[in-house]
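In: Could you look at this predicted model? Sequence included:
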Amino acid sequence: MEAVVTGRVQGVMYRDFVERNASALSLCGFVENIPDGTVSVCAEGTREKLEILLTRLKKGPLFARVDGVTVSWGEATNEHKSFSIKRT
């Protein structure tokens, strides 16, 4: 699953929120800030756990404001062994 999250999602601990939730669900992948102010999430795991993460992405942490989440579903690449924050 790949998702792009729009709204006030940078500078509000959104990536940490995603990493904690994805790791708790035993998902693999990464989250990163994009220069346009959005956050990109790439996650792999069971459809059930990915749906749970997606629900949480739409809410976000306390100080975030999520305006939208665009999702695309694809085949897992299995290139990630854990979930991490990409720092740019």
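Out: Structure's in. What do you need?
In: where's the residue nearest the centre of the chain, which helix or strand?
Out: Residue closest to the mean C-alpha point of the chain, counted by C-alpha atoms, centre = their mean, is Val41 at 3.5 Å. Following DSSP states H and E, one finds Val41 within strand 39-44.
In: next one: that strand to chain centre, how far?
Out: From the chain centre to the centre of strand 39-44 is a distance of 4 Å (C-alpha atoms, centre = their mean, to the nearest Å).
In: Do me a favour and average the pLDDT over that strand.
Out: Mean pLDDT, computed over strand 39-44, is 98.
In: rewinding a little: the closest residue to the residue nearest to the centre of the chain other than its chain neighbours: neighbouring residues, count only.
Out: Leaving aside its sequence neighbours, Val41 sits nearest to Ala3 (C-beta to C-beta, 6 or more residues apart in numbering; 4.4 Å). Just so you know, the C-beta spots here come from the backbone N, C-alpha and C atoms, and that holds for glycine as well. Ala3 has 22 neighbours, counted by other C-beta atoms under 10 Å.
In: Would you confirm that Phe63 contacts Asp16?
Out: No. Using C-beta atoms under 8 Å, Phe63 makes no contact with Asp16, being 11.5 Å away.
In: what comes into contact with the longest helix along the chain?
Out: Criterion DSSP state H: the longest helix present in the chain is helix 47-59. Outside helix 47-59, the residues that touch it by C-beta atoms under 8 Å, 6 or more residues apart in numbering are 1, 3, 5, 17-18, 21-22, 25-27, 41, 43-44, 66, 69, 71.
In: repeat that with 10 Å
Out: The contact list for helix 47-59 (C-beta atoms under 10 Å, 6 or more residues apart in numbering) reads 1, 3, 5, 9, 14, 17-18, 20-22, 24-27, 29, 31, 39, 41, 43-46, 64, 66, 68-69, 71, 73, 76, 83.
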